[in-house]
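Sharing a model prediction with you, sequence too.
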Amino acid sequence: MAIDRKLLDILCCPVTKQPVHMLGRRELKALNERIAGGGVHYQDDSPVEQPLEEGLITANEERVYRVDDGIPVMLEERAINLRAADLK
């Protein structure tokens, strides 16, 4: 389910306040492969156990927020830090 464009235009990272945009297919695939391998954690250090259907990435490409059933999960502790996951 796609995110409404108007909502996407006003969303920002709760940590850095940077705008976010949809994670590309290639990046989503790479992230999901790492998740399947067990090497990805949320900001609160809990493991990411389910692959992402969609994701939002910050403008500086350091954090990803999952989108579940078209609903962005924009919680600081549920961010995926791409540097920590060795994806940046």
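Perfect, thanks for sending it.

which outside residues touch the helix or strand of the chain with the lowest mean pLDDT?
In the chain, the helix or strand scored least confidently by mean pLDDT, DSSP states H and E is helix 5-10, which has a mean of 87. The contact list for helix 5-10, computed with CB atoms under 8 Å, 6 or more residues apart in numbering, reads Val20, His21, Met22, Leu56, Pro72. Quick note: C-beta positions are derived from backbone N, CA and C, even for glycine.

possible to save these as TSV with neighbour count, secondary structure and distance to Gly37?
Formatted as TSV, the contacts of helix 5-10 follow (neighbours: other CB atoms under 10 Å; DSSP: H, G, I helix; E, B strand; the rest coil; distance: CB to CB, whole Å):
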residue	neighbour count	secondary structure	distance to Gly37
Val20	21	strand	25
His21	13	strand	26
Met22	15	strand	23
Leu56	24	strand	22
Pro72	17	strand	25
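
Give me the buried stretch members for the least confident helix or strand of the chain, please.
Buried residues in helix 5-10, counted by 16 or more other CB atoms under 10 Å: none are found.

Return the alpha-carbon coordinates of it using CSV.
What follows is helix 5-10, C-alpha atoms only, in CSV (Å, rounded to 0.1, in the frame of the first residue of the first chain):
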residue,chain,number,x,y,z
ARG,A,5,2.1,11.9,-1.3
LYS,A,6,0.8,14.7,0.9
LEU,A,7,1.8,12.7,4.0
LEU,A,8,5.2,11.9,2.6
ASP,A,9,5.8,15.6,1.9
ILE,A,10,5.4,16.5,5.6
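
picking that back up, which one among the contacts of helix 5-10 gets closest to Arg34?
Leu56 (17.3 Å; CB to CB).
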